[in-house]
Every structure is written in C-alpha cells, then in structure tokens.
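[1] with the sequence up front, the predicted model follows.
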Amino acid sequence: MKTHGFKKTLIIILWLLITVLFAAWIFVIAESYSYRSEIVRISDEIESAMNRDSYLSSIRNVLRGTEGDVGTIEGRFILPDDVSDFIEFLEKQARDLGIKAELTDINLDTAVKNSAFRVLRVRMSALSSWQEAVSLINALEMMPYIASIDRVNLSKATDTGIGSEVPPKSVWNVVIDISQYVK
C-alpha cells in the first residue's frame, strides 16, 4: 500500500508541478506579448526619430550647398543708394549697342506687405533697327541683377526723327518695362 500512496502522492506532485509550470508558461507568454507590444512601440519611435534626423540632415546638406547661391542672389538685389547706378547701367546697355534710349517712367514702389523689398519700375523707350532692338532685349535679359522684363513692345515707327542714318522702313519703336528689387 505504501507504494500506492507514494504513487498517488507523486502523481499529485507532478500534477501540481505541471499546473504551476503551465501557469508560469501562460504568465511568461502573456508578459512576452506585453513586452512585444512595447518593443514594437519603441521601434516605431526609433524609426520615426531616425526619419526625422535623416530629413533634418538632408535639409542641412541642402542649406550648406546653397550658402554660396544665397550670397550670389543677395548680391543681385540693389540697395536704395544704388538705384542711380542701376539706371546708368540700363542706359549704358543701350548706348553700347548704339541705341539712343530714354528712361521715361522711373518709380520706386512702396514695400510689399510682409516684405523687406521694394520694386523699382523703369520704362525704357527707344528707336532702333530690329537687330538693335533684339540685341538690347538680349543684353537686358543677361544683366547681373534680379530684374525682370515685364513687358516688351516692338512696333514699326511711323515718324523716326532720326534723319538719314536709318531708313524709315527699318526703324522700330521699342518700349521695355523692367522691374528690379531693392533691399
């Protein structure tokens, strides 16, 4: 009988041990799922931080690459004291091409809202041959300023007033509106 009681006790102990091990295994599995969700959350945060850092690094690289460009662009704006130099530059461009040009409208607009820049608007009028007019437009397009040619009007001249240097049939009225930004 002693062996039967021993077997019974051994079975009960083994059953209790298996039950405790099963409960511990369930607890470990449940905890691992809890840790797993925490690991996934932390992994997402790390990935997000890495993406943000990569984005910021890309922006820094772009900014480093544009430092020289920013200086070049800022150098193309003119200061209020340099407006007369800009006007002389426009007159010189026409003079160098043999064109007698007049700057008829010159005005400096008030600053645009939320901007540190003002706009200098200039209207250049001239009488020239077709080739000279095209050369003047090309020269103005290549000027070392951040200026825009807003409008170009080319029309055949009816009354040249130039004399016999240029035959009347090849004289053109040239009107060019130019805008330049002033700091």
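    On my side now, so go ahead. Since the model is a prediction, treat every value here as computed from it, not as a measurement.

[2] per-residue pLDDT of residue 16, please?
    We have a pLDDT of 89 for residue 16.

[3] same deal with residue 73?
    On the pLDDT scale, residue 73 gets 63.

[4] got it, and residue 24?
    We have a pLDDT of 87 for residue 24.

[5] what about it, which helix or strand?
    Per DSSP states H and E: residue 24 is located in helix 2-76.

[6] which SS state does the closest residue to residue 137 other than its chain neighbours fall under?
    Computed as CB to CB, 6 or more residues apart in numbering, the closest residue to residue 137 that is not its neighbour in sequence is residue 152, at 6.1 Å. Yep, even glycine has a C-beta here, placed from its N, CA and C like the rest. Recorded secondary structure, residue 152: strand (DSSP: H, G, I helix; E, B strand; the rest coil).

[7] quick one: residue 152 from residue 122, how far?
    13 Å (CB to CB, to the nearest Å).

[8] look up phi and psi at residue 175.
    phi -130, psi 120 (degrees, to the nearest 10).

[9] domains for this structure, by residue range?
    What the record gives for the chain is the domain set 1-76, 80-182, from automatic domain parsing.

[10] list residues touching both of residue 152 and residue 122?
    By CB atoms under 8 Å, 6 or more residues apart in numbering, residue 152 and residue 122 have these common neighbours: residue 177.

[11] between these two, who's got more neighbours?
    The neighbour count for residue 152 versus residue 122, taken as other CB atoms under 10 Å, is higher for residue 122 (21 against 15).

[12] what's the helix or strand for the more buried one?
    Residue 122 belongs to strand 118-128 when assigned by DSSP H and E.

[13] may I see the buried residues of that strand?
    118, 119, 120, 122, 123, 124, 126, 127, 128 (16 or more other CB atoms under 10 Å).

[14] would a markdown table of the residues you listed with distance to residue 4 and pLDDT be doable?
    Putting the buried residues of strand 118-128 into a markdown table (distance: CB to CB, whole Å; pLDDT from 0 to 100) gives the following:
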| residue | distance to residue 4 | pLDDT |
| --- | --- | --- |
| 118 | 109 | 82 |
| 119 | 109 | 85 |
| 120 | 113 | 87 |
| 122 | 118 | 91 |
| 123 | 120 | 94 |
| 124 | 121 | 93 |
| 126 | 126 | 91 |
| 127 | 131 | 90 |
| 128 | 127 | 89 |
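
[15] distance to residue 24 added to those residues, as CSV?
    What follows is the buried residues of strand 118-128, written out as CSV (distance: CB to CB, whole Å):
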residue, distance to residue 24
118, 79
119, 80
120, 84
122, 88
123, 91
124, 92
126, 97
127, 102
128, 99
